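In: coords please:
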Amino acid sequence: MIEVRPFAKLGSADHGWLKARHHFSFASYYDPENMNHGALRVWNDDEIAPNTGFPAHPHANMEIITYVREGAITHQDSLGNKGRTEAGDVQVMSAGTGIRHSEYNLEPKTTKIFQIWIQPTAAGGQPTWGSKPFPKATRSGKLVTIASGIAGDENALPIRADARVLATTLKAGDSAEYETGRTRNLYLVPAAGAIEINGVRINARDGAAIHDEGKLSIKALEDSELVLVDAA
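Out: Okay, the predicted model is just below:
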């Protein structure tokens, strides 16, 4: 089953400095029928104006993945971590027992990110943060695991969840496949372009909630960049 969630129908918020679309209930957008997709709790499509951002605020017991689509995000947290993550790269924060962090766009242009929250397999644990480059050229034509809590995904940023986050870029006409268990909860969003999944069209920034599909056959209708979450 593939349920398409068109970008234009997603929950939205416009704070001036931040324009956000919410694939699931978040902040002032509440839909009791759309709280999560398995362990995937949040997928926000954020556009952050130059020299603005999220001031320091707390989190606990959540795995927070930031995928930078355009621009760059600058992170600072209560553990003393500081870092700048630019387009195509990924940062992961395991909030654990509790952490405070800020995320700012210190660039001269708008920064665009996917902010993805996944529920951990267990509460608590020492909070951590990390980032890693995943050059688009190295994941052209194939799905690359960029964050994972699943054994065997050694090259991915670690998260404390029964889940993995994958990304790829596909040229128009190219294809990729992904095999998974039918009980898994998959959610896919093209950051750019348009694709077909098992014959179902998904346009840029639409969401596709996928369940009871043992195999995904993905075909790029245009040059495309996509992110996929596979969660319990």
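
In: can we go C-alpha only for contacts and neighbour counts from here?
Out: OK.

In: Setting aside sequence-adjacent positions, which residue approaches residue 113 most closely?
Out: residue 68 (4.4 Å; C-alpha to C-alpha, 6 or more residues apart in numbering).

In: which ones are touching the most centrally placed residue in the chain?
Out: The chain has residue 116 as the residue nearest its centroid, 4.1 Å off, counting by C-alpha atoms, centre = their mean. Listed by C-alpha atoms under 8 Å, 6 or more residues apart in numbering, the contact partners of residue 116 are 40-44, 64-67.

In: Would you mind listing where the chain has pLDDT under the threshold?
Out: Residue ranges of the chain with pLDDT under 70: none are present.

In: From what I see, residue 153 and residue 145 are in contact.
Out: Yes: counting by C-alpha atoms under 8 Å, residue 153 touches residue 145, with 7.1 Å between them.

In: Settle it for me: which of the two has more neighbours?
Out: Set residue 153 next to residue 145 and count neighbours by other C-alpha atoms under 10 Å: residue 145 wins out with 21 against 15.

In: List the residues that contact the residue nearest to residue 98 when sequence neighbours are not counted.
Out: Excluding the flanking residues, the one nearest residue 98 by C-alpha to C-alpha, 6+ apart is residue 60, at 4.3 Å. Shown in contact with residue 60 (C-alpha under 8 Å, 6+ apart): 95-99, 124.

In: ok, the closest residue to residue 123 other than its chain neighbours - contacts?
Out: The shortest distance from residue 123 to any residue other than its chain neighbours is 5.4 Å, reached at residue 61 (C-alpha to C-alpha, 6+ apart). Contacts for residue 61 (C-alpha under 8 Å, 6+ apart) come out as 94-98, 119-120, 122-124.

In: before we move on, what about residue 129?
Out: Contacts of residue 129 (C-alpha under 8 Å, 6+ apart): 81, 91-94.

In: Would you reformat those as CSV and include distance to residue 194?
Out: What follows is those, written out as CSV (distance: C-alpha to C-alpha, whole Å):
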residue, distance to residue 194
81, 37
91, 25
92, 27
93, 30
94, 32
